[in-house]
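Trainee: No letters, just coordinates:
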């Protein structure tokens, strides 16, 4: 036979202690949450097909942000060619401030490299993302990675195999130009394609 045990009433002090303990645990867990956001795939700008841009920009931007840069542009051309591409043979893509959208003007660079890589499946390329000196190191490493990933995505859309590409970010650690002016910053916001 089972004997009934009477339930003792719970003391108000015990209830308050349990409530306080659960609030402390919730605060501790909230404090451990990471502030790192997972971004959607990098958008690739295509001015010839506005329908593609609306989907890419909607996925790649936050509400209230626009994909247009608020920084005045810097002319990086020299007689119709990129000034820094003389040594790189058309293997550098430049970006707007705080952006990782591949601009339409660099389509020939992407297409020529995609054709070269698709023609030789054994060739491998290191896609290096770089930023200017503004901002923290952690932020710039993430932005450089998004820029490298955007170029990798553009190349794979043109038929390059994933195994041929490796995206890496150097953030602001390897500037192409020294200086604290907009011309130097513009030359440092880049992705370089280097043979491995």
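Mentor: That came through fine. Everything quoted here is computed from the prediction, not taken from an experiment. Residues are numbered from 1 along each chain as shown.

Trainee: Tell me which stretches of the protein form helices.
Mentor: Assigned by DSSP state H, the chain shows helices spanning 12-31, 50-60, 85-88, 107-119, 137-157, 182-188.

Trainee: Among the ones you listed, show the one with the smallest mean pLDDT.
Mentor: Note on the helices of the chain: lowest mean pLDDT is at helix 85-88, with a mean of 38.

Trainee: contacting residues around the nearest residue to residue 169 once chain neighbours are set aside?
Mentor: Among residues not flanking residue 169 along the chain, residue 144 sits closest, at 3.4 Å (CB to CB, 6 or more residues apart in numbering). Just so you know, the C-beta spots here come from the backbone N, C-alpha and C atoms, and that holds for glycine as well. Listed by CB atoms under 8 Å, 6 or more residues apart in numbering, the contact set of residue 144 reads 128, 129, 130, 131, 169, 170, 171, 172.

Trainee: And those, which is closest to residue 97?
Mentor: For these, the closest approach to residue 97 (CB to CB) belongs to residue 131, at 9.5 Å.

Trainee: how close does the nearest residue to that closest one once chain neighbours are set aside sit to residue 152?
Mentor: Leaving aside its chain neighbours, residue 131 sits nearest to residue 140 (4.2 Å; criterion: CB to CB, 6+ apart). According to CB to CB, to the nearest Å, residue 140 stands 18 Å off from residue 152.

Trainee: next one: residue 145
Mentor: Taking CB to CB, one finds residue 145 at 10 Å from residue 152.

Trainee: okay, and the common contacts of the two?
Mentor: Each of residue 167 lies in contact with both residue 145 and residue 152 under the rule CB under 8 Å, 6+ apart.

Trainee: nearest residue to residue 171 other than its sequence neighbours?
Mentor: residue 140 (3.6 Å).

Trainee: Might one say that the residue nearest to residue 131 is in contact with residue 129?
Mentor: No: contact criterion CB atoms under 8 Å: residue 140 and residue 129 do not qualify, at 9.4 Å.
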